[in-house]
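Participant: Give the three-dimensional model of this entry:
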Amino acid sequence: MDLRVSPDRRARRVRMIRTVALLVGVIVPSLVLRELIEALTGRGPLADLSAVAVPMAATAWLAPYASYRRHDALLWLVGPGIYVFTVIAWRVVPAPYRDWRPRPEEKPRLRWSRDPEHAGTWYLTEPSGDARHTALG
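Facilitator: The predicted structure follows:
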């Protein structure tokens with residue numbers, strides 16, 4: 001019985017672990033912040049909004065690197081924010097390489113990777129248009 005794991009499965013497993021770590025790194029501080037606000041002010045809308053403040057900020061910051069827009073962070077207010085952030089986290093983990101099709105306005109900033117290790121991916125040469133910070137990776 002061969003117990004070796006293929007490089008593709010290993011890479012996918014590492015990507016999953018990094019994605020979960022990013023999710024935990026954003027969700028846990030937001031829950032701690034909510035508990036602190038609730039301890040100070042009691043239950044109410046302020047405590048509820050504080051629970052999504054950190055994830056909204058993280059979503060807005062990372063969104064341009066995952067072909068999303070910053071205003072997608074507002075989805076945390078209506079429910080599907082966790083799903084959108086999970087997709088964003090999954091996409092930014094292998095940065096600056098991308099394994100999804102870029103939006104038309106992103107194509108000038110991307111080139112097809114010629115690196116054998118990252119074959120079949122796009123390489124981001126500069127940050128997205130609404131990203132005012134340096135590229136990930």
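
Participant: Kindly indicate whether S30 is helix, strand or coil.
Facilitator: What DSSP: H, G, I helix; E, B strand; the rest coil gives for S30 is helix.

Participant: Please look at it and A47 and confirm they touch.
Facilitator: No. Counting by CB atoms under 8 Å, S30 sits too far from A47 to count as a contact (11.4 Å). C-betas here are computed from N, CA, C, even on glycine.

Participant: the helices in this protein, which residues?
Facilitator: For the chain, helices defined by DSSP state H occupy the ranges 7-41, 45-62, 81-92.

Participant: can you count the residues close to L31?
Facilitator: Using other CB atoms under 10 Å, L31 is surrounded by 12 other residues.

Participant: Please apply the same query to P29.
Facilitator: Look at P29: counted by other CB under 10 Å, it has 14 neighbours.

Participant: same deal with L75?
Facilitator: Per other CB under 10 Å, the neighbour tally for L75 reads 18.

Participant: Likewise for M16?
Facilitator: Residues contacting M16 under the criterion other CB under 10 Å number 12.

Participant: now it: how far from T86?
Facilitator: Distance of M16 to T86, given as CB to CB, to the nearest Å: 11 Å.

Participant: What of V14?
Facilitator: Counting by CB to CB, the gap from V14 to T86 is 17 Å.

Participant: Let me know which of the helices of the chain is the nearest to R70.
Facilitator: Among those, helix 45-62 comes nearest to R70, with 4.6 Å by CB to CB.

Participant: elements contacting the closest one?
Facilitator: Helix 45-62 sits against helix 7-41, helix 81-92, with contacts defined as 3 or more CB pairs under 8 Å, 6 or more residues apart in numbering; DSSP states H and E.

Participant: Single out the most deeply packed of those helices.
Facilitator: Comparing the helices and strands packed on helix 45-62 by mean neighbour count (mean count of other CB atoms under 10 Å), helix 81-92 comes out on top with a mean of 19.

Participant: Okay, angle between it and helix 45-62 too, please.
Facilitator: 20 degrees (axes from the mean of the first three to the mean of the last three CA atoms, to 10 degrees).

Participant: What angle do helix 7-41 and helix 81-92 make with each other?
Facilitator: Counting by the same axes, to 10 degrees, helix 81-92 lies at 140 degrees to helix 7-41.
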